[in-house]
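In: give me a 3D structure for the following:
(4 chains)
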Protein chains: 4
Amino acid sequence: MKAVNVGIIGGTGYTGLELLRILARHPLAEARIITSRGEAGKPVTDLFPSLTGHCDLLFSDPEGADLKSCDFVFSAAPNGVAMTHARGLLDAGVKFIDLSADFRIRDVAVWEQWYGLTHACPELLEQAVYGLPEVNRQSLGEARLVANPGCYPTAVQLGYIPLVENGLVELDSLISDAKSGISGAGRNANMGTLFSEVSDSFKAYAASGHRHLPEIIQGLQDIAGEAVEMVFTPHLLPLIRGIHATLYARLNEKGLSLSMEDMQQLFLDRYQNEPFVQVLPSGAHPDTRSVRGSNYCRISIHRPQGGKTITVLSVEDNLVKGAAGQAIQNMNLMAGFPEESGLGCIALVP
Amino acid sequence: MKAVNVGIIGGTGYTGLELLRILARHPLAEARIITSRGEAGKPVTDLFPSLTGHCDLLFSDPEGADLKSCDFVFSAAPNGVAMTHARGLLDAGVKFIDLSADFRIRDVAVWEQWYGLTHACPELLEQAVYGLPEVNRQSLGEARLVANPGCYPTAVQLGYIPLVENGLVELDSLISDAKSGISGAGRNANMGTLFSEVSDSFKAYAASGHRHLPEIIQGLQDIAGEAVEMVFTPHLLPLIRGIHATLYARLNEKGLSLSMEDMQQLFLDRYQNEPFVQVLPSGAHPDTRSVRGSNYCRISIHRPQGGKTITVLSVEDNLVKGAAGQAIQNMNLMAGFPEESGLGCIALVP
Amino acid sequence: MKAVNVGIIGGTGYTGLELLRILARHPLAEARIITSRGEAGKPVTDLFPSLTGHCDLLFSDPEGADLKSCDFVFSAAPNGVAMTHARGLLDAGVKFIDLSADFRIRDVAVWEQWYGLTHACPELLEQAVYGLPEVNRQSLGEARLVANPGCYPTAVQLGYIPLVENGLVELDSLISDAKSGISGAGRNANMGTLFSEVSDSFKAYAASGHRHLPEIIQGLQDIAGEAVEMVFTPHLLPLIRGIHATLYARLNEKGLSLSMEDMQQLFLDRYQNEPFVQVLPSGAHPDTRSVRGSNYCRISIHRPQGGKTITVLSVEDNLVKGAAGQAIQNMNLMAGFPEESGLGCIALVP
Amino acid sequence: MKAVNVGIIGGTGYTGLELLRILARHPLAEARIITSRGEAGKPVTDLFPSLTGHCDLLFSDPEGADLKSCDFVFSAAPNGVAMTHARGLLDAGVKFIDLSADFRIRDVAVWEQWYGLTHACPELLEQAVYGLPEVNRQSLGEARLVANPGCYPTAVQLGYIPLVENGLVELDSLISDAKSGISGAGRNANMGTLFSEVSDSFKAYAASGHRHLPEIIQGLQDIAGEAVEMVFTPHLLPLIRGIHATLYARLNEKGLSLSMEDMQQLFLDRYQNEPFVQVLPSGAHPDTRSVRGSNYCRISIHRPQGGKTITVLSVEDNLVKGAAGQAIQNMNLMAGFPEESGLGCIALVP
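Out: So this is what the prediction gives:
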């Protein structure tokens, strides 16, 4: 028997599948319950044949599932579901990691505006820890409720953090041009993400405003201690897994005074003890496949024409470091396990 | 017999194939000669079976080919080849359209620095007309030597032109985040563009500096009448055809004073008589497939959060409006044909 | 004004879009009505932006649409719809081309078994002409009701016809291993054809029995004059457009007596006057892209190890020769137009 | 220190990368040497950034590399290389696993005909064990030289074995319609496998004869004890990893007498103790992604229309069960390790 029992709410999407894939090889945690209203009673491997031989669970009806018997519960359900479970689970002593957006934004008014829902338990927002280990490792050790970051916010914040922490860039003119693989849109019947609609094509979406923006702003403002303004443009890539954030910032006086060697060193220093952030040599170009299926975020920096702008390239697998992998990393921290437990999967290349 | 005879230099790449595809259905022009050292003597359809029934040509050896008998010659060869043909062809009265970079940059020193070659005929640069019909339609009517624009420069310039012409944005901080399909890398044995290397992946390249930057700068400076600074980041999309440029500009005082309705109207007005530029409703998101195989550039504008930055989305097919289609459009103008002749192909969707 | 007016029933799918794309450039026919219950009142270009500048139609509600004023009506609706329109349209003198399966099978019992519907007008089956011009060109000239063939049946029959017509193969052991691009599954919200489900993957489906089998059998039996047995295995290719049928047949005594040269000649002879069938040199391998967007079927033959089996490779674009293109070809024959009218589009490669 | 040291010859291709990926997580074996003439001296992670943090090796020059100090050596070099190393390594007591074709065919004349080379050490062919554990597990335990099977032959043989072992099908008319992802073509600059050449397309190749045919025939004849005739048609799928073999066989009298339940049970029984073969419920359709990155072969059977032909669907990852994974499985058997050591990677879906 493994050290901790895990339950998963809403497990029929890609995030649920990814949690199962990682947990199946985790030495210390075991998935014991996975709920789905629609698939209750069916073997998980009916939906996810790739888990054959690695997962014996049946989907449980959410009503009957004894989630309170679990040590950890992950919610992989759509926005608005986790907030209906949180109070009960926390009261029962379960540690709860929400992969949706329900606990990511501290300002409930901002959250309700962007997500179009009334929050069910605003009083819990205060105790929710934002699950970006590279920022909140300490608090995550004590956390009972974790808001797992969005996929874009992870890649974008990790790219900007060294610049913002060191006060090197103008904070009123950040530009994040971000591109995501299509698995980010989830596993739902949807004409817009049919193969014949998105394959061999590319487009921006929500260029006038996307829900991940306030999350990113909140995170960077926490670090900066002052207002941050950003244009954030998401795009849809014709590939399954992967986020590539191309991040632009105008160097301020202090930033302009640094050489690229200094800048590179500063990135290296910032992440030298981070198990899942890899800083590439300056001038390199990370590709999304180099993290496909792994929990790494890979980052490189450029200063085109030695000019006023620094460009940061940041890639991750949206389903791993951008979702399920980071959630497991958070569980490891909350449980006092080695942070890398279960996360040793090497990127699948080619 | 059609009105004009056409020759193509270096016809074994994708641009050559695309010229043939378009010319095969052009009512007034006919491909008569296509050269290739390596494939001389072979039927074109051996290399390009999709042309079966539409092209009877054999590849000719460049030495023996009577290009001077043509009315128009296109060079679809790599950089550095067209400049060795130009003088001879022009002297023979042939009109010459170069799809490579040889005649795109007026400042020969800048050209030689970025392209790493010594220019063979700098004296011809002055008479070369930059083949962007939306800017130089008048001069193209008289041109004998045309520098067909690069693929990125076409999408980027068309997106910025209404802003720059009207003096609405800060010119020292333009950011062009551009993404290109892989056909832009050409039809050459090359490990870097193997299917198994680039499929299901995405990356930036040349983020520190790309050859198309000076071309774009020159074009926008001509319009602005003052210095332009730009960060230009190209990326490689896992799709065959298509460029998507996401263009950012900081609005200046005049720009900030305009409503989005005004701004939209200004784009509509600028391109209302352009047969191959389509301005979408404000807030729309063009996808690259909507121009796949067609000569259109499609553009939309956004002003995220009503802030200081305007975002322009601009898409084209890199092989058509970004190369062969635009070259035919230029030929039409040079020959006095209706500008849309032969260019009626509708995008192939899905 | 063009020579004939065309109406389209159920025009929001890929077949409807493809009909519009082809008709937009047809010199003699013009789409005048296109119906959709769900999209009535909307400009067609809202759904299909690639048609911008080439189609001014609005979708009409099927109730109000004056389809009887058309010269030709195409049904691009799902199975079971065309049969409810046929009687009325035919009585009004409209020529009707059904791209669904409603009129493809003469034996109504067989049809009802495979399609799970009760046929609304079995009495019309007799006058329906099966729209494979390479077999029924003569009757198509007189037809008022045409059953446009399925995508697989077109590629499969065209590959086998020369063998069956000449009595060269055992008819009790045909094996058709067929692969289709995903656009064949249509433009419907459907989890099974999401990009993230089918991209970078491949599988067979309906390996135990597929609806296109009885259609193929009927067609080949008509030619053979005797019973035909076939194993037909469809597969789903991770690409948008294209069918590749790999067809196996055991040579009978007569077949074994022929040399490959003779066999090749026989294929060449059979299709020499067919504008849309291209027989490749023996030993060649057609790829699906070589017909992408065009109305061709391309065929080659192999006799591995000089053995008892002949292999025929047959490719087409499932949306063109396998659907809309063939429908237009049928309209051309029915109207007495040149057979190739409007069908000159060259395959988009790369 | 791990139990055994491993060397890899010719490690710059996909098979080399895949060996490194698997060995990095193998509990008992460690890659210590990897050779490459062209990349000697470079860190492996320069070529393969996805291994960052998991592999500290530099490429070694083949001349200087002390391969004889290894316990196991894998050759991932092209055909014709391993045979020049085998004698020396075996004499030094090294166990040698060749992933190329050098030792797969016992009949040297047949080998030389298909591979166009003179064999360097035909005397070793006799002691080479064909590394298909499902057939030769016993001999692999004693083997010193292993011929790792080809990718197609693995999927094809595993699909046919239960039928052939039990004498259920006609052996003179097998048809294997096989489809492979493009990584099977290797990591070499090659115009034919450029993204723009093969993406969004599909074709057969070598339909008249492919090198893997004699290997398959030899394997099945060993089992059958009589002559086997097969038509084998390989095709190129637009995806990176995956083989799908669609296998047809005509049932003989004995085969016809079995119900599908019996047939299914026979497949289940045959593979019940095989750790890496999964038999799906009868009527299922395995997709290639369900084994992407894993060492499984997944198989299902169909009997269309209850007719004379049985169809077997067999999928694997060509780089894992079809190459590097199977090689590690063979090493495990040769070393007396648990057969699944290091091979627990779950397929990456989506």
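In: next, work out how far apart A:Gly141 and A:Ile161 are.
Out: 20 Å (CB to CB, to the nearest Å). Glycine gets a C-beta too; all of them are placed from N, C-alpha and C.
In: who are the packing partners of the helix ranked longest in chain A?
Out: Longest helix in chain A, counting residues (DSSP state H): helix A:151-165. Contacts defined by 3 or more CB pairs under 8 Å, 6 or more residues apart in numbering or on different chains; DSSP states H and E place helix A:151-165 against helix A:133-142, strand A:174-180, helix A:212-224, strand A:230-236, strand A:243-250, helix A:260-271, strand A:297-302, strand A:309-316.
In: out of these, nearest to C:Ile216?
Out: Closest approach to C:Ile216 among those (CB to CB): strand A:230-236, 38.1 Å.
In: pLDDT averaged over that closest one - what is it?
Out: Across strand A:230-236, the average pLDDT comes to 98.
In: so that strand, near chain B or not?
Out: Yes. Using CB under 8 Å from any CB of the partner chain, strand A:230-236 reaches chain B at A:Val231, A:Phe232, A:Thr233, A:His235.
In: which residues does the last one contact?
Out: Shown here is A:His235, whose contacts under the criterion CB atoms under 8 Å, 6 or more residues apart in numbering or on different chains are A:Asp177, A:Ala178, A:Lys179, A:Ser180, A:Phe202, A:Lys203, A:Ala204, A:Tyr205, B:Lys179, B:His244, B:Thr246.
In: same question, the second one
Out: For A:Phe232, the contacting residues are A:Tyr152, A:Val156, A:Ser176, A:Ala178, A:His210, A:His212, A:Leu213, A:Ile216, B:Pro304, taking CB under 8 Å, 6+ apart as the criterion.
In: any idea how far A:Pro27 is from chain D?
Out: Going from A:Pro27 to chain D by CB to the nearest CB, to the nearest Å gives 12 Å.
In: you'd agree that residue is up against A:Glu340?
Out: No. Contact between A:Pro27 and A:Glu340 fails when scored by CB atoms under 8 Å: they sit 10.7 Å apart.
In: just to revisit the earlier point, relative to C:Asn148, which of the helices and strands packed on helix A:151-165 is closest?
Out: By CB to CB (comparing all of these), the closest turns out to be strand A:230-236, at 33.8 Å.
In: and the angle for that closest one with strand B:243-250?
Out: Orientation of strand A:230-236 against strand B:243-250 (axes from the mean of the first three to the mean of the last three CA atoms, to 10 degrees) gives an angle of 170 degrees.
In: sheet-wise, list the partners of strand A:230-236 with their directions.
Out: The strands beside strand A:230-236 in its sheet (DSSP bridges) come out as strand A:174-180 (parallel), strand A:203-204 (antiparallel).
In: CA atoms of that strand as CSV?
Out: Only the C-alpha atoms of strand A:230-236 are listed here, as CSV (Å, rounded to 0.1, in the frame of the first residue of the first chain):
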residue,chain,number,x,y,z
MET,A,230,0.0,43.3,-19.9
VAL,A,231,-1.3,42.6,-23.3
PHE,A,232,-1.9,38.8,-23.5
THR,A,233,-2.7,37.2,-26.8
PRO,A,234,-3.4,33.4,-26.8
HIS,A,235,-3.2,31.4,-30.0
LEU,A,236,-4.2,27.9,-31.0
